[in-house]
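Q: coords below, sequence missing:
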């Protein structure tokens, strides 16, 4: 039954009935379904270009990010500065390539934090019945109803200075931002994992493993968790996008990374007061955030069709 | 229904307490001592400093401090703003109506977009309209609010010069002109929030309607000879809205996050921009109070979702 109805409207039709299909592995099957989602494939290509560009780009575009040139202030795109310059004459392409590394690194690291916490909470709740499960779910629901942005701002406000003194300004704020964004994003993963565990632990193959004397730990690690992974991968993809938006929001409010680290949100924050005479300054980083988030979301949608076909939202 | 409401209210109390514990923990764990300055002041001997600490209850056990803090928070004694030199609760009361107005009207906009588009898309699944609507919804919720805001300003204020991009609380006009000016300056903030929410809700509505529309009771309604429009509005949408309300309630924290950003971009004098100003000027009492108010608002909106839930699905309020 799995895979006969695609959840998203952007996918093309239903896959053909595979009577004469050769034997395919689950991953091959997933890849076949993912390819059906044309927008997701296109997004995966665009996203790879962005990631590659950000990783490799600074090797080829070697203009320093902090070279101040007052003769070239607030210039639009030109051959010398493909994305123009800011109010100090700094090259925007170089700054965006550098900032992209930070934004993507924050998104990825915060996703890891969220998934690790979410899988831990979800699997403990899913394997235990009764009080522990109830308490963990109460905490999860509580976190879901916390106003995350005000709390993020509050925590960063309170802990920024001390952490800066301990591990330095860049690393300190990086750890802080990753930890708080991850710490406010784990709840959907926890709920997903718990729901998966609830249905999987009653399945025959788990019962068989239990009958053969598998320990609880082995049951979880070898039998239940791998089967619960599909929806988690989908949620993790969406989490990267959410974390990138969260980091950009913080930087945009002037409370993220310090001014000498030009993340995409930070460049936007600096650009927003010059919107009327240097729109390119805001459009490029904003467009970069938008394109990255959009492609990640589409890839997530494609992965949902591929790995988790029965869920609709 | 009354019993149901009371039950929901009682359930809201533990979550409020939980949130207050988290807030207090963050505050208690935060480094920094309010008496740091006194410690370096040679005119104040250490004994006096210690006495001061004790008299203010700073050396009490954690739970005593928590209860003292919670009672003063609940009584509305939120302290005195370091910067504005007035009571924090007054400051917030001045600004809360603007925030509620902007958030409220943006929710209405979101509903007006999401309901028709989502239902229409679900009644014609995989049609051209559905694909376009779904792609636009994806674009809509992938656009961060701060970037939409800047784009709107760039297009409507700078390029076309139609709308003002700074929100003014004092408008020197009377009568209809005053109303018109207020609407004009609220359009962009409301649209930024409303479009983002509308995009997310459209997907919720579509998938919920898609789930319901294949059920047998809908076929029954059709075979009774009811007109299609009536089947959709009375039978399908009402049932489909139940999961949508849950998801919308879950989105509330994100709405407030968006409201903070929007207020900051358009300089709307609400509590969101108050929070940012307070953080930038180290005004701790205001920061704490605004965060607390946001928490209360989330719980209030969740309660409202519960009420709508009970109205949509009468079984819930009876059980």
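A: That came in fine, so what should we check first? None of the values given here were measured: they were computed from a predicted structure. Residues are numbered from 1 along each chain as shown, chains lettered A, B, ... in the order given.

Q: what about the strands in chain B?
A: Counting by DSSP state E, chain B has no strands at all.

Q: residue B:217 - how many residues pack around it?
A: Using other Cβ atoms under 10 Å in any protein chain shown, residue B:217 has 12 neighbouring residues. Yep, even glycine has a C-beta here, placed from its N, CA and C like the rest.

Q: just checking, it touches residue B:234?
A: No: Residue B:217 is not in contact with residue B:234 according to Cβ atoms under 8 Å; the separation is 11.5 Å.

Q: tell me the buried residues in stretch A:208-226?
A: Neighbour counts over stretch A:208-226 (16 or more other Cβ atoms under 10 Å in any protein chain shown) mark A:209, A:214, A:219-220, A:223-225 as buried.

Q: residues contacting it, please?
A: Contact with stretch A:208-226 is made by A:119, A:123, A:126-127, A:196-197, A:200-201, A:205-206, as judged by Cβ atoms under 8 Å, 6 or more residues apart in numbering or on different chains.

Q: chain A contacts on the stretch 101-250 of chain B?
A: The stretch 101-250 of chain B has residues B:121, B:125-126, B:130-131, B:133-135, B:138-139, B:141-147, B:150-151, B:153-154, B:158, B:203-204, B:206-207, B:210-211, B:247, B:250 near chain A, with proximity defined as Cβ under 8 Å from any Cβ of the partner chain.

Q: from these, which ones fall inside helices?
A: Applying DSSP state H to those, the entries found in helices are B:121, B:130-131, B:133-135, B:138-139, B:141-142, B:145-147, B:150-151, B:203-204, B:206-207, B:210-211, B:247, B:250.

Q: return a ChimeraX selection command for the buried portion of the residues of the stretch 101-250 of chain B next to chain A.
A: Buried members of those, defined by 16+ other Cβ under 10 Å, are picked up in ChimeraX with:
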select /B:121,125,126,130,131,133,134,138,141,142,143,144,145,146,147,150,151,153,154,203,204,206,207,210,211,247,250
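
Q: which one of the buried residues of stretch A:208-226 sits closest to residue A:36?
A: Closest approach to residue A:36 among these (Cβ to Cβ): residue A:225, at 27.2 Å.

Q: so how far is residue B:143 from the closest one?
A: Applying Cβ to Cβ, to the nearest Å, the value for residue A:225 to residue B:143 is 35 Å.

Q: what is the burial count for the closest residue to residue B:114 other than its chain neighbours?
A: Counting by Cβ to Cβ, 6 or more residues apart in numbering or on different chains, residue B:201 is the residue found nearest to residue B:114 once chain neighbours are left out, at 3.4 Å. Counted with other Cβ under 10 Å, residues neighbouring residue B:201 total 26.

Q: just residue B:60 next, same as before
A: Count around residue B:60 with other Cβ under 10 Å applied: 14.

Q: contact partners for residue A:256?
A: Residue A:256 sits next to A:156, A:173, A:177, A:247-248, A:250, A:263, A:265-266 when contact means Cβ under 8 Å, 6+ apart.

Q: near chain B, from these?
A: Near chain B, judged by Cβ under 8 Å from any Cβ, the entries from the contacts of residue A:256 are A:248, A:265.

Q: now neighbour count, pLDDT and secondary structure too, for the contacts of residue A:256, in JSON lines please.
A: Output for the contacts of residue A:256, formatted as JSON lines (neighbours: other Cβ atoms under 10 Å in any protein chain shown; pLDDT from 0 to 100; DSSP: H, G, I helix; E, B strand; the rest coil):
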{"residue": "A:156", "neighbour count": "19", "pLDDT": "84", "secondary structure": "helix"}
{"residue": "A:173", "neighbour count": "24", "pLDDT": "83", "secondary structure": "helix"}
{"residue": "A:177", "neighbour count": "27", "pLDDT": "88", "secondary structure": "helix"}
{"residue": "A:247", "neighbour count": "30", "pLDDT": "90", "secondary structure": "helix"}
{"residue": "A:248", "neighbour count": "32", "pLDDT": "91", "secondary structure": "helix"}
{"residue": "A:250", "neighbour count": "25", "pLDDT": "89", "secondary structure": "helix"}
{"residue": "A:263", "neighbour count": "30", "pLDDT": "86", "secondary structure": "coil"}
{"residue": "A:265", "neighbour count": "30", "pLDDT": "87", "secondary structure": "helix"}
{"residue": "A:266", "neighbour count": "26", "pLDDT": "87", "secondary structure": "helix"}
